[in-house]
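*Asks:* Show me the folded form of this:
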Amino acid sequence: MKKRYAVVGLLALLSIITFIDRMAIAVTGTSIQKDLGIGPEHWGWILGAYVIAYAVFEIPSGAMGDAHGYRRELTRITVWWSAFTAATAVCRNFWQLFAARFLFGLGAAGAYPNMSGVLYRWLPARERARGQGVIWAASRFGGALAPLLLVPLDRHFGWQAVFVVLGAVGLCWAVAWRGWFHDRPAEQPGISAEEVAEIGSDDGAGHKGTPWRRLLSLPQLWLIALAYFFYAFGSWFFFGWFPTWMVKGAHFTEAEMGVYGAIPFLLGVVGNLAGGVLCDRLAARIGIRRAYRTIASICLTLTATLLIAMSLATAKFAVLALSGTAFMVMDLMLPSAWAMCMAIGGRHGGTASGVMNTAGNIGGFVCAVAFGHIVAVTGNYALPLQGVAVMVLVAAGIFTLIDCTKGFDRKVSPQADPMAA
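*Replies:* Take a look at the predicted model:
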């Protein structure tokens, strides 16, 4: 097997782990709220604590990976977040839980920008969108596993056991990654000269310093960050409020949520894998500029429509069908968005992805907190979901304006093959 596929496999495993860890607070949310006496408005702040902390350290962590190597940075990230995942088990009140989630977010920040940096160094340009599709499909598989694995664990051993087990799993991954992976493909033990040539030059690996002024002066970077801010309302609804919404808004039992709550994430696996292939093939036919933004804008417009229908549905089957389809279609655009950002950032793709994902996490924070306050004031779970749909529709409009051929490394022809990105 080619070494780059093993690298993608390790990153996919990390993506599964990080999403199980990220979803653990949402999946065990009803148990924690009952145990610690936390209401919906305060629960929104618990969910938001992770998101805003993640946003604070996203760009620095992406820049550190670009400058000092992804091996070291992803090891640090995983050890930190695993420690505070385990620490969540000892929390006994709102403020302790808020602090644990905030520190968990600080540690987890930069995971996906650094994974993007690895993909940029380790994959030929023609495979990068598919690589992103695999990573994000794995994250959704982790999201699907979360209710299936954690609800029974919570039921039989308590929510505290969930966080202890997850912390131990993350530490095991960090040990394996540190012991095997090398930042430069040419330095990876056992790799063939043919594969190194196939991957292409990695001269940008290990550069020192980030040209902040030039990078942050790119209009396209700010456009994609703004688009991702609004898109994140949709994704973070599913990551944070969806399990609670199923129980309290759509009237599923907790046991039903533990089974059916996995459906959107399982379909998200399909969406990401299909999106990665579609992205690369369409880009080869019509160019990366038109391909990436067309996929993103159409998918998000359809997602907004499905979320509105989901907020109005009353039958459980309809809720499951609409929620699953909405998440799958929304995830179909994800490889395009990240490939677009990689093209804009070029050899500083980790930092550029950090800028984009920071904006997304700020949007996720606003969504998590606002959703809880709207529910607390109105007692209505449909109204904030309709607001999420509007934000996703705004993102669709902004994506139509982005030209990823005007990136950091150079301007390329709008009809360029993905190899030129």
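*Asks:* Give the buried residues for the host helix or strand of residue 44.
*Replies:* Secondary-structure assignment from DSSP states H and E places residue 44 in helix 40-68. Using 16 or more other Cβ atoms under 10 Å as the test for burial, helix 40-68 gives 40, 42-59, 61-67. (Glycine included, C-beta is placed from N, CA and C.)
*Asks:* What of stretch 140-148?
*Replies:* In stretch 140-148, the ones that count as buried by 16+ other Cβ under 10 Å are 140, 141, 142, 143, 144, 145, 146, 147.
*Asks:* What of stretch 30-43?
*Replies:* By 16+ other Cβ under 10 Å, the buried positions in stretch 30-43 come out as 30, 31, 32, 33, 36, 38, 40, 42, 43.
*Asks:* tell me the mean pLDDT for the helix or strand following the helix holding residue 44?
*Replies:* On the C-terminal side of helix 40-68, the nearest following helix or strand under DSSP H and E is helix 70-87. The average pLDDT for helix 70-87 rounds to 93.
*Asks:* Tell me the helix or strand right after helix 70-87.
*Replies:* Toward the C-terminus from helix 70-87 - assigned by DSSP H and E - lies helix 94-108.
*Asks:* Can you show me the CA trace of that following helix as CSV?
*Replies:* In CSV, the C-alpha atoms belonging to helix 94-108 read as follows (Å, rounded to 0.1, in the frame of the first residue of the first chain):
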residue,chain,number,x,y,z
PHE,A,94,-22.1,24.8,35.4
TRP,A,95,-18.8,26.7,35.8
GLN,A,96,-16.6,23.6,36.1
LEU,A,97,-18.2,22.2,33.0
PHE,A,98,-17.9,25.5,31.1
ALA,A,99,-14.2,25.7,32.0
ALA,A,100,-13.6,22.1,30.9
ARG,A,101,-15.3,22.6,27.6
PHE,A,102,-13.5,25.9,27.0
LEU,A,103,-10.1,24.2,27.7
PHE,A,104,-11.1,21.2,25.6
GLY,A,105,-11.8,23.6,22.7
LEU,A,106,-8.4,25.4,23.1
GLY,A,107,-6.6,22.1,22.7
ALA,A,108,-8.7,20.8,19.9
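*Asks:* Check the offset of it from the chain's centre.
*Replies:* Distance of helix 94-108 from its chain centroid, counting by Cα atoms, centre = their mean, to the nearest Å, is 18 Å.
*Asks:* got a list of contacts for that helix?
*Replies:* With Cβ atoms under 8 Å, 6 or more residues apart in numbering as the test, helix 94-108 has contacts from 18, 21-22, 25, 32, 36, 38, 42, 45-47, 49-54, 56-57, 77, 79-81, 83-85, 87-88, 90-91.
*Asks:* Make a markdown table out of the buried residues of stretch 30-43 and add pLDDT.
*Replies:* Rendered in a markdown table, the data for these read as follows (pLDDT from 0 to 100):
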| residue | pLDDT |
| --- | --- |
| 30 | 82 |
| 31 | 88 |
| 32 | 91 |
| 33 | 88 |
| 36 | 89 |
| 38 | 88 |
| 40 | 79 |
| 42 | 87 |
| 43 | 84 |
